[in-house]
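Colleague: Quick one: sequence and predicted model below, then my questions.
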Amino acid sequence: DIQMTQSPSTLSASVGDRVTITCRASQSISTWLAWYQQKPGKAPKLLIYKASNLQSGVPSRFSGSGSGTEFTLTISSLQPDDLATYYCQQYNIYPMTFGQGTKVEIK
Amino acid sequence: EVQLLESGGGLVQPGGSLRLSCAASGFTFGTSAMNWVRQAPGKGLEWVAAISGSGSTTYYADSAKGRFTVSRDNSKNTLYLQMNSLRAEDTAVYYCAKDAVAGLFDSWGQGTLVTVSS
């Protein structure tokens, strides 16, 4: 199975800060990488697909990059509504696997 | 608008069985692959099973193989997860999720909680 490792596990930042979350795959997944946002008590929501494509309706402050084994999710200017846990997920091959999550807190 | 509504969760004893359902609307269900993803309390996301639009192809996580069965009834726009031989570690919120492309989940239900405890 492909292992997905995210860092950091938790981050605390101020409104307006630029925030970056890293995701590493245990083997190359090309760009078959998605990012999800999960707010407390809610279902996950797709933010980014194919590493860098913004899902319809997602604010443009979210962006993704990377290929192969290294990926990043960037929030260009953190907003209070971005309080959530963020997960990366590879969909290159079954079984689909997720990172352990990065909890974003607002200072 | 895509809507996915899970049901069937509850409290079950270890070794017991439960069948989850996911009622779908707002899209062409019969041509969409579907998935079950679970989340143990306070933990991360774990993909459990997938089924093709026709129902002819299924995939399972190792943790589900031999105990869980994913199926669908396209005439009823409903996805199912039959869970047998349940263990404490199966305690989780179970989400159904629609595939945009294989393994990419573009819509999720609100989840149903399964608690395995004596």
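Modeller: All right, it came through fine.

Colleague: thought B:Trp36 was touching B:Tyr95?
Modeller: Yes - contact criterion Cβ atoms under 8 Å: B:Trp36 and B:Tyr95 qualify, at 7.1 Å. For glycine as for every other residue, the C-beta is placed from the backbone atoms N, C-alpha and C.

Colleague: The two: who's more crowded?
Modeller: Between B:Trp36 and B:Tyr95, counted using other Cβ atoms under 10 Å in any protein chain shown, the more crowded position is B:Trp36 (27 against 24).

Colleague: pretty sure that one is in a strand, no?
Modeller: Yes - using DSSP: H, G, I helix; E, B strand; the rest coil, the secondary structure at B:Trp36 is a strand.

Colleague: Check the gap between it and B:Leu45 for me.
Modeller: For B:Trp36, the distance to B:Leu45 (Cβ to Cβ, to the nearest Å) stands at 11 Å.

Colleague: ok, which residues in chain A are in contact with chain B?
Modeller: A:1, A:32, A:34, A:36, A:38, A:42-46, A:49, A:55, A:87, A:89, A:91-92, A:94-101 (Cβ under 8 Å from any Cβ of the partner chain).

Colleague: pLDDT value on the residue of chain B at minimum distance from chain A, please?
Modeller: Using Cβ to the nearest Cβ, the closest approach of chain B to chain A is made by B:Gly103 at 3.2 Å. pLDDT for B:Gly103: 89.

Colleague: which SSE is the residue lying closest to B:Leu5 once chain neighbours are set aside in?
Modeller: Spatial nearest neighbour of B:Leu5, chain neighbours left out: B:Ala23 (4.7 Å); criterion: Cβ to Cβ, 6 or more residues apart in numbering or on different chains. When elements are assigned from DSSP states H and E, B:Ala23 belongs to strand B:18-25.

Colleague: Tell me which residue lies nearest the centroid of the chain.
Modeller: The chain I'm using is chain A. Among the residues of chain A, A:Trp35 comes closest to the average C-alpha position under Cα atoms, centre = their mean, at 3.8 Å.

Colleague: my bad, the chain I had in mind was chain B
Modeller: Short answer for chain B (Cα atoms, centre = their mean): B:Trp36, at 3.0 Å.

Colleague: and B:Gly103, what is it in contact with?
Modeller: A:32, A:89, A:91-92, A:94, A:96, B:35, B:47, B:50 (Cβ atoms under 8 Å, 6 or more residues apart in numbering or on different chains).

Colleague: Enumerate the residues of chain B near chain A.
Modeller: B:35, B:37, B:44-47, B:50, B:59-62, B:95, B:100-106, B:108-111.

Colleague: Weed out the non-buried ones from these.
Modeller: When neighbours are counted using 16 or more other Cβ atoms under 10 Å in any protein chain shown, the residues of chain B next to chain A contain these buried positions: B:35, B:37, B:45-47, B:50, B:59-61, B:95, B:100, B:102-106, B:108-109, B:111.

Colleague: That's all I had, so thanks and see you.
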